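Chemist: Got a sequence here, can you model it:
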Amino acid sequence: MENQKEREIKELQEKIMAKRQQVEFEKTEIDLNTEFASENRENPDVSEEFKNFYDPAGNVIERGELKELSDAEEDLIRLIDRLNKLIHQEN
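Modeler: Got it, this is the predicted structure:
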C-alpha cells in the first residue's frame, strides 16, 4: 500500500512539474505576443493610433491562448490539491 502511495505521489509530482512548464511556456508566449504585436509597436503620432498603442493583452492575444493558459493554471491547482491530499492522508 505504501509503495502505491509513493508511486502516486511521484506521478503527481511529475505531472505538476510538466504542468508548471506548460504554464510558464504559455505565459512567456503571451508576453512575447503582447510585446511584439504590431498594434503595440506603432508610433502614436496620430490620435487614432494612440488609442491602440496601449491595448490590453486581451485585444492583442487570441482568446484561445488566454483560455489555454487559464485551463492549464486550473489543472495545475487541481494537481497540487490532489498531491496535498494524498500526502496528508491517514495511512
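Chemist: May I see the buried residues of the lengthiest helix in the chain?
Modeler: If you go by DSSP state H, the chain has its longest helix at helix 2-36. The neighbour-count check on helix 2-36 (16 or more other CB atoms under 10 Å) flags 12, 15, 16, 19, 22, 23, 26, 30, 34 as buried. Glycine gets a C-beta too; all of them are placed from N, C-alpha and C.
Chemist: Now render those as a markdown table, adding pLDDT.
Modeler: Shown next, in a markdown table, are the buried residues of helix 2-36 (pLDDT from 0 to 100):
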| residue | pLDDT |
| --- | --- |
| 12 | 96 |
| 15 | 97 |
| 16 | 97 |
| 19 | 97 |
| 22 | 96 |
| 23 | 96 |
| 26 | 92 |
| 30 | 85 |
| 34 | 75 |
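Chemist: Those into CSV, with extra columns for distance to residue 84?
Modeler: Below are these laid out as CSV (distance: CB to CB, whole Å):
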residue, distance to residue 84
12, 10
15, 14
16, 11
19, 15
22, 20
23, 18
26, 24
30, 28
34, 33
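Chemist: that older thread, packing partners of the longest helix of the chain?
Modeler: helix 57-60, helix 63-87 (3 or more CB pairs under 8 Å, 6 or more residues apart in numbering; DSSP states H and E).
Chemist: and if we set it to 6 Å?
Modeler: Contacts defined by 3 or more CB pairs under 6 Å, 6 or more residues apart in numbering; DSSP states H and E place helix 2-36 against helix 63-87.
Chemist: Check which helices and strands the helix it packs on is in contact with.
Modeler: Judged by 3+ CB pairs under 6 Å, 6+ apart, the packing partners of helix 63-87 are helix 2-36.
Chemist: what's the angle between the longest helix of the chain and helix 63-87?
Modeler: 160 degrees (axes from the mean of the first three to the mean of the last three CA atoms, to 10 degrees).
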